[in-house]
Structure formats: structure tokens, C-alpha cells
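Engineer: Mind looking at a prediction? Sequence and model below.
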Amino acid sequence: MHKDDQMTPKERAFALFAGKPVDRMPIKLFSPYIGMNFGASYQDAFVEAKSRAHWLIESYKRFGQDGLSVNYRIDGIPVAFGAESTYDPLGIPMIKENILKDFSEIDQLDLEKIRFENDPNAQTAFEAVQIIQDELNDEIFTGVGLMGPFTTAANLAGVEIILKSMRKDKEGLHKLLDFAADITIEVGRKFVENQIGIGLAEPTASLLSPKQFREFVIPYYVKVMDKWKEWGSRGSGFHICGDTTKLLETFPEMGIRGVSIDSAVDIAVAKDLVGDKLSIMGNVSPIEILRGTPESIEQAVIDCFRKCWDNPCGFTIAPGCDIPVQTSLENIDAYMSAARKCAKYPVQPSNWE
């Protein structure tokens, strides 16, 4: 348990579920590459299960955030089908060349390659979750982060082909999206069957109009959720990057209970549009946490609470997206300290006024 808390994240979650008082409301910290914030390289911090688990455990010991997430590699699915990776200037992998040149090649991709027993990336993520659970299971929930079907399709064929096909080849695109949903279902199977929570992200989907989102994202998200629920899942977290203001009113149609929104969205607008239907998580600017001072970071946290603390379906403070790997530990400390102050139970304006 963190020195500034009186409850562990699990104790806090169970108490809230039972309608009992807590020390503070939950605080999220999105940091899939947290070892790099501690000074490790990507290779040292993320590639092996033991090192990935180690740095997430270290982050919890320092920051005391509510929940840990082990990310499935962003290039994992294309690589499983034979794509090659390269690395960005920070050493984080990215796809060198898309595996699909056109939709006629979909039938050449074999789902067997991403079955758990054949997928080293899923095995590594699963092992990392187990290591964390073995050390911290009495204190904190640990889940896994995956890309949603739309972003998976974009990682296989490329964003440009996906966007063009919305006008020129809807049939082919729907075939790919259906296949991408099957991929997402299968990659998640082992985690769902072992009661490990899954968060889905769709960083590519913010490019779409509401009409396109309803046609090309929601049906495949629902397909994934329905299958996972058959296997015992109680639902999935959902995050979408970018300015999704125009999409907000479509989110309740996905059957989700809550959404994590990017800092590009005015969280007050999100509350007004969907706050009576969804819990809202967000949305302190990751760039503010990266570049700000302790005072400016505190103000950014206060601004989010001021706008959304009374959301009818609930509010959880969180960064608007992943914390950049260049962010200092001291700035993350500043975010957590400000969030603890504002999230003190019961949450009320006197916490920050």
C-alpha cells in the first residue's frame, strides 16, 4: 500500500462496490512503457515478461495507482502473421510494412498463428500478469491492454487503405473488420478464461464520422464483447484517442458502461452529452504531465475534477492517454499527489477550492 493511502486498490474497489466509504476515489495512470520512465530501454523494460512485470510492480510501489495493465505488443498481431517491425527513435516497435496489400489476401492469414499456444506475445503478456498477481494479488487488479478490431485492421492493411475502402470497397473492408474481430476475440481468449480484465483501445477510430463509426467500429466491438461475455467476461474498458467530441453520442450504443477520453475532448462537454449514460475517465493532458511544473500539473488535475466530479454515472481521474516515456518520475508524483488531494472521499469542491 502507498504511504499516502489508507486502503489498497482492491480494498477500495470492493468497498465502493458495496457502497461503503473509502479513503479516496480511484486514480488511474496509463503507463504501458513505465520501465522507460524509470530509465530502462524498451528492450530491458518490455520485451521479457519478468522485466515488464518488474517495472509495473515498481511503478505501483512508487505511485500507488489503482490498477495495472500489461500491454500486448502494438505490433504483435501483424508480426504473428509475418510482418516485420522497425523501431521509432525511442526504441518502441512499429510495423515496417503492412502485411496486407489488398483484401483478397485476407484468406491467406491463418488464425492458428495467433492462438495462445502459437503466439509468444500473448504468452509474454500472460506470464507478466501472473508474475504481478503472484506478488501483488492481494492489493491490486492487473489486466491486459489490446487494440480493438478497427485499429487491428488498420495495423494489418494500413490506415490509408482502410479510409479509402469506406467509399470504394465496403464489402472488402467489412470482411477485414470481421476477421480483425475474430483476431481480437482469439487473442483475448486466454485472458478472459482466466478472469483477467481487458481494456480495448481504438486510437485510429477518431478519424471517423459518427456514421462511419456506427458502421465500421460498433458492430465489431459488440461482436468481440458478446463472445467474451459467453466465456465469462464482465465487460471491457474502452479508450479512444484524439478529439472524439463528434463521436461521444455514439459510445452508449456500444453497450459499454464507461469510456476513457483523450485530453483533446472537453470533459465538460462529454459530461453534458453522455454523462447520464456512461462513467467518464480522464482526461489530464499527458503533455502537461510531461512538460508541466508541479503547480501546472495540479491545476490540470483540478480543472478535470471541477468539470466532471459530479458526473451522474461516475468519474475517475486519469491521463487523457498514455504517459510519454520521457516523463520524469517527479512529474508523475506531482500528478498522483494532486489527484489524491482532489479524490479524497467524499469528493467535493472543497477538496480543491
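Structural biologist: Sure thing, it's come through. Numbering: from 1, shown residues only.

Engineer: Please spell out the segments of this protein that come in under the pLDDT threshold.
Structural biologist: Judged against pLDDT under 70, the chain has no low-scoring part.

Engineer: From residue 226, how far out is the residue nearest to residue 123 when sequence neighbours are not counted?
Structural biologist: Distances taken as CB to CB, 6 or more residues apart in numbering put residue 116 closest to residue 123, at 6.8 Å, once the chain neighbours are dropped. C-beta coordinates here come from the backbone N, C-alpha and C atoms, glycine included. Noted for residue 116: a distance of 20 Å to residue 226, by CB to CB, to the nearest Å.

Engineer: Looking at those two, which one has more neighbours?
Structural biologist: residue 116 (16 against 12; other CB atoms under 10 Å).

Engineer: how far away is that one from residue 146?
Structural biologist: According to CB to CB, residue 116 and residue 146 sit 13 Å apart.

Engineer: so where do the strands sit in the stretch 101-250 of the chain?
Structural biologist: For the stretch 101-250 of the chain, the strands defined by DSSP state E, counting those that start in this stretch cover 142-147, 198-201, 237-240.

Engineer: among those, which is nearest residue 123?
Structural biologist: Minimum separation from residue 123 across the strands of the stretch 101-250 of the chain (CB to CB) falls at strand 142-147, 12.0 Å.

Engineer: now that closest one, how far from the chain's geometric center?
Structural biologist: Distance of strand 142-147 from the chain centroid (CA atoms, centre = their mean, to the nearest Å) equals 7 Å.

Engineer: neighbouring strands for it, and are they parallel or not?
Structural biologist: Paired neighbours of strand 142-147 in the sheet (DSSP bridges): strand 68-71 (parallel), strand 198-201 (parallel).

Engineer: quick one: contacts of that strand?
Structural biologist: Residues from elsewhere that reach strand 142-147 (CB atoms under 8 Å, 6 or more residues apart in numbering): 32, 56, 67-72, 74, 77, 125-126, 129, 132-133, 136, 155, 184, 187-188, 191, 196-203, 237.

Engineer: Does residue 301 touch residue 317 like I think?
Structural biologist: Yes - with contact defined as CB atoms under 8 Å, residue 301 counts as touching residue 317 (6.5 Å).

Engineer: okay, and the common contacts of the two?
Structural biologist: Common contact partners of residue 301 and residue 317 (CB under 8 Å, 6+ apart): 284, 339, 342.

Engineer: ok, and what's touching stretch 82-92?
Structural biologist: By CB under 8 Å, 6+ apart, stretch 82-92 touches 33, 36, 41-43, 74-75, 79, 93-99, 325-326.

Engineer: Select from those every entry located in strands.
Structural biologist: 93, 94, 95 (DSSP state E).

Engineer: Throw those into TSV and include neighbour count and distance to residue 261, thanks.
Structural biologist: Shown next, in TSV, are the ones in strands among the contacts of stretch 82-92 (neighbours: other CB atoms under 10 Å; distance: CB to CB, whole Å):
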residue	neighbour count	distance to residue 261
93	17	26
94	12	25
95	18	26
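
Engineer: Pick the one among those residues closest to residue 245.
Structural biologist: The nearest member of the ones in strands among the contacts of stretch 82-92 to residue 245, counting by CB to CB, is residue 94 at 27.9 Å.

Engineer: how about the nearest residue to that closest one, chain neighbours excluded?
Structural biologist: residue 88 (5.5 Å).

Engineer: give me phi/psi at residue 309?
Structural biologist: Dihedral pair for residue 309: phi -60, psi -30, per degrees, to the nearest 10.

Engineer: My read is that it contacts residue 347, right?
Structural biologist: Yes - applying CB under 8 Å, one finds residue 309 in contact with residue 347, separated by 5.3 Å.

Engineer: got TSV for the strands paired with strand 142-147, with distance to residue 330 and mean neighbour count too?
Structural biologist: Below are the strands paired with strand 142-147 laid out as TSV (distance: least, CB to CB, whole Å; neighbours: other CB atoms under 10 Å):
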stretch	distance to residue 330	mean neighbour count
strand 68-71	21	24
strand 198-201	27	22
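
Engineer: Distance to residue 171 for those strands - can I get that in CSV?
Structural biologist: Shown next, in CSV, are the strands paired with strand 142-147 (distance: least, CB to CB, whole Å):
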stretch, distance to residue 171
strand 68-71, 33
strand 198-201, 25
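
Engineer: Tell me which residues of stretch 85-98 come out buried.
Structural biologist: 85, 92, 93, 95, 98 (16 or more other CB atoms under 10 Å).

Engineer: how about the CA coordinates for it, as CSV?
Structural biologist: Output of stretch 85-98 as CSV, limited to C-alpha atoms (Å, rounded to 0.1, in the frame of the first residue of the first chain):
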residue,chain,number,x,y,z
SER,A,85,8.9,-4.5,-37.2
THR,A,86,11.2,-1.5,-37.1
TYR,A,87,11.7,0.9,-34.1
ASP,A,88,11.0,4.5,-33.6
PRO,A,89,13.6,6.9,-32.2
LEU,A,90,12.7,5.9,-28.6
GLY,A,91,13.1,2.2,-29.4
ILE,A,92,9.4,1.3,-29.4
PRO,A,93,8.4,-1.1,-32.2
MET,A,94,6.3,-0.1,-35.2
ILE,A,95,5.3,-2.0,-38.3
LYS,A,96,7.8,-1.7,-41.2
GLU,A,97,5.4,-2.7,-43.9
ASN,A,98,1.7,-3.7,-43.8
